[in-house]
Structure formats: C-alpha cells, structure tokens
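*Asks:* Using only what follows, build the 3D model:
(one chain, ligands or ions: 1)
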Amino acid sequence: MYGLVNRALQDMVVERHGQDTWERIRQRARFAEPVFVAMEGYDDSVTYDLVGASAKELDQSAEEILFDFGRWWVLRTADEGYGPLLQMAGDTLPTFLENLDEMHSRVALSMPHLRPPSFRVTRLGEGQLHLQYYSHRPGLVPFVLGLLDALGERFNTPTVARLLSPRGPDQDHDLFLLRWGAGLP
Ligand code: 1DX
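*Replies:* Residues are numbered from 1 along each chain as shown. Predicted structure coming up:
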C-alpha cells in the first residue's frame with residue numbers, strides 16, 4: 001500500500017502513545033527505514049506487520065488497532081489531507097458510500113499502483129442499507145467497521161454497522177448491514 005497508509009498509522013500511534021512507543025513498534029516489525037514516503041508503494045506485509053507489532057506493544061488485539069485506525073483514517077488522515085476529495089463524495093452516509101468507487105478512480109488517475117477496494121450499496125428502507133465490500137486484501141473487516149463508525153460521526157448520523165456474512169469460498173465479498181437514524185432498532 002502507499003506509504004500514506006503506514007504513515008497514518010504512525011501518526012495515530014505517536015499522537016496517542018509517543019515517539020518512543022512507535023520506535024519499539026517499528027523495530028518489532030523489523031522495518032528498517034525511519035520514515036515512510038507517502039507516494040511510494042510498500043508491500044502490504046509492511047502494514048500488516050506494523051499492525052501486529054502495534055497490537056503486541058500496546059497490549060490490544062489487532063482488530064482493535066484496525067478499528068481505531070479506520071476511524072483515524074476518516075477523521076484525521078482523509079479529512080485533514082484530502083478534505084475536498086471527501087466533500088465531493090457526498091454529504092450523507094449512503095451517498096458517500098455510493099460514490100466511494102468513483103473517488104478511488106479519481107485518486108488512481110495520479111496513483112497508478114493504487115489497489116482500492118470496491119463498495120456496493122443497496123438501500124433498504126429509511127436508515128438502512130446493505131454494503132458489499134470487495135477487497136484485494138484479507139483481514140480488514142475491523143478496519144472497515146472503523147471507517148463506517150467514523151463516517152456516521154462525520155455526517156452526524158451515528159451508525160451501527162454489523163458484519164452479516166464474511167467472504168469465503170462461495171462469497172467474494174463481505175456483507176454489512178448499516179443502520180442509522182430512523183433505521184436504528
Ligand atoms: F469509507 O484494500 C472513506 O495503496 C472510506 O480493502 C474508505 O492500494 C474514505 F499517497 C493519496 C495517496 C498517495 C491519497 F498519494 C491514497 F498515493 C485514498 C486518500 C482514499 C483518501 C486504498 C489507501 C488503497 C491505499 C483499503 C484501506 C482497504 C478507503 C484504505 C480507505 C479516502 C484507502 O479513503 C482495502 C493502496 C489516498 C487516499 C482516501 C486506500 C490504497 C476509504 C476512504 N482505503 C494514496
């Protein structure tokens with residue numbers, strides 16, 4: 001993944017736990033270079049190793065780290081660095097999700113090595129939708145749950161997202177149910 005992702009994880013850990021903790025995580029993950037270059041491509045294993053090392057060093061589960069990182073990605077990384085890009089994608093949760101693929105296509109115009117996920121939305125009733133998540137990468141459901149949680153916050157529509165069925169041998173995507181506003185039980 002682009003170095004931007006690894007750097008965002010670094011920013012989250014440094015802001016919450018300090019530079020020394022990050023240095024221990026970096027060493028535990030056996031990542032030699034001291035800084036990430038945002039627009040350079042890194043092997044996905046670097047990101048997975050950093051998440052694993054963070055979990056051990058912070059005594060949390062990898063799932064917790066990924067959830068927090070999903071929230072951080074939306075509320076800090078994307079909002080502070082790519083505000084106009086996000087604003088163009090929409091101002092309600094369902095609209096934003098419907099436009100995510102297009103947003104990634106726009107980023108990919110200048111970042112040819114981007115391997116973005118894909119999202120498909122089926123609107124159900126008021127305040128409810130099904131979300132299909134297609135990804136080249138395994139294990140990122142907790143990250144997506146964090147993204148969705150933060151998007152609910154961004155649009156002032158606190159949102160409950162639940163994984164209905166994970167991808168597997170006979171399903172090429174993860175399926176989520178999202179509820180907000182009038183759709184909350
Ligand atoms: F709900 O793969 C809201 O490297 C969402 O399954 C979801 O393949 C917002 F550094 C610049 C650059 C660069 C900008 F210049 C990325 F290159 C992209 C900024 C998207 C903001 C996808 C990051 C692929 C890297 C992927 C998890 C999980 C998508 C991360 C979240 C807005 C973004 O993002 C998976 C890669 C950007 C950039 C956004 C992503 C790669 C998302 C969201 N993805 C790189």
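*Asks:* Counting neighbours, which bits of stretch 31-41 end up buried?
*Replies:* 31, 36 (16 or more other CB atoms under 10 Å). Backbone N, C-alpha and C define where each C-beta goes, glycine included.
*Asks:* What's the first helix or strand after the top helix by length along the chain?
*Replies:* Taking DSSP state H as the criterion, the chain has its longest helix at helix 93-110. With elements assigned by DSSP states H and E, the helix or strand that comes after helix 93-110 is strand 118-123.
*Asks:* quick one: strands adjacent to that next one?
*Replies:* Neighbouring strands of strand 118-123 in its sheet, by DSSP bridges, are strand 128-134 (antiparallel).
*Asks:* Tell me the helix or strand right after the partner strand.
*Replies:* helix 141-154.
*Asks:* what helices or strands is the helix or strand where residue 47 lies leaning on?
*Replies:* Assigned by DSSP H and E, residue 47 falls within helix 44-58. Under the contact definition 3 or more CB pairs under 8 Å, 6 or more residues apart in numbering; DSSP states H and E, helix 44-58 sits against helix 3-17, helix 19-28, helix 62-72.
*Asks:* show me the contacts for the most centrally placed residue in the chain.
*Replies:* Per CA atoms, centre = their mean, the C-alpha nearest to the average position across the chain is that of residue 70, at 3.9 Å. Counting by CB atoms under 8 Å, 6 or more residues apart in numbering, residue 70 touches 142-150.
*Asks:* For this structure, which residues are neighbours of the ligand?
*Replies:* Applying CB under 6 Å from any ligand atom, we find that the chain lies next to the ligand at 1-2, 4-5, 38-39, 73-74, 78, 82, 100, 107, 111, 114-117, 135-137, 140, 147, 151.
*Asks:* Just the buried ones from these, in PyMOL syntax?
*Replies:* PyMOL command restricting the residues of the chain next to the ligand to the buried ones, with burial defined by 16+ other CB under 10 Å:
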select buried, resi 1+2+4+5+73+74+78+100+116+117+135+140+147+151
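*Asks:* re the thing from before, make a markdown table out of the contacts of residue 70 and add pLDDT.
*Replies:* A markdown table is the format used below for these (pLDDT from 0 to 100):
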| residue | pLDDT |
| --- | --- |
| 142 | 98 |
| 143 | 98 |
| 144 | 98 |
| 145 | 98 |
| 146 | 98 |
| 147 | 98 |
| 148 | 98 |
| 149 | 98 |
| 150 | 98 |
